[in-house]
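Engineer: Return atomic coordinates for the entry below.
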Amino acid sequence: MGFNICSIQEKRLVDRFHSLKVKGEIIEKRRLQPSGGQPERKVVMIRFKDREIEKQLDDAQFERTQIGEQIWFSPPLPDRDPCNCHLFVCLIGAIIAAALAIWAITSHFHGRTATLLSLAAAGWVSVIVWAKICCHEQNRCLRDLEQDLRFFETNEYKMGSQV
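Structural biologist: Numbers count the residues shown, from 1 in each chain. Sure thing, here's the model as predicted:
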């Protein structure tokens, strides 16, 4: 079992996010038509600060709510966004670094030694790029969680935790 400080920090932030309750204003009620074998969904659009958040409600809650009403809700977790642009740049950089390493090795060594050293160099470059990409994606996820927590934590949260 691996021990990863970033995953522990992410779990701590997600737990904090799940315990968060904020108050927002209902600005729209919608019934989404069933599609793909899923039943009809009843959702409300909630405005919190400058964001509009979609929240699914059950039938009883949906009928009781009114537009303009203030309700307490748990904010949704931010989506984990893959960073394709940085991934592509790292991949291109890794290919160039591996090609340069193989070129340098094959220009000084010949035969079986050159092949083994080239494979070792390409393998190390791959491991370094894999670690860099994983670290970058984890840090981005943590940064997004912290930004959203700062956004949703307000004075209203403190009032809500006392309710």
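
Engineer: Burial check on the closest residue to Asp148 other than its chain neighbours, number of neighbours?
Structural biologist: Distances taken as Cβ to Cβ, 6 or more residues apart in numbering put Pro78 closest to Asp148, at 5.0 Å, once the chain neighbours are dropped. Any C-beta I mention is one placed from the backbone N, CA and C, and that applies to glycine too. Using other Cβ atoms under 10 Å, Pro78 has 14 neighbouring residues.

Engineer: So Pro78 sits against Leu145, correct?
Structural biologist: Yes - between Pro78 and Leu145 a contact is recorded at 6.5 Å, counting by Cβ atoms under 8 Å.

Engineer: For Phe152, the count of nearby residues, please.
Structural biologist: Using other Cβ under 10 Å, Phe152 has 20 other residues around it.

Engineer: give me every residue that touches it.
Structural biologist: The neighbourhood of Phe152, defined by Cβ atoms under 8 Å, 6 or more residues apart in numbering, consists of Phe17, Leu20, Val22, Phe48, Pro75.

Engineer: same thing but at 7 Å, please
Structural biologist: By Cβ atoms under 7 Å, 6 or more residues apart in numbering, the contact set of Phe152 is Leu20, Val22, Pro75.

Engineer: Arg80 now?
Structural biologist: Contact analysis of Arg80 by Cβ under 7 Å, 6+ apart lists Cys141.

Engineer: Regarding it, what is its secondary structure?
Structural biologist: Arg80 falls in the coil class when you classify it by DSSP: H, G, I helix; E, B strand; the rest coil.
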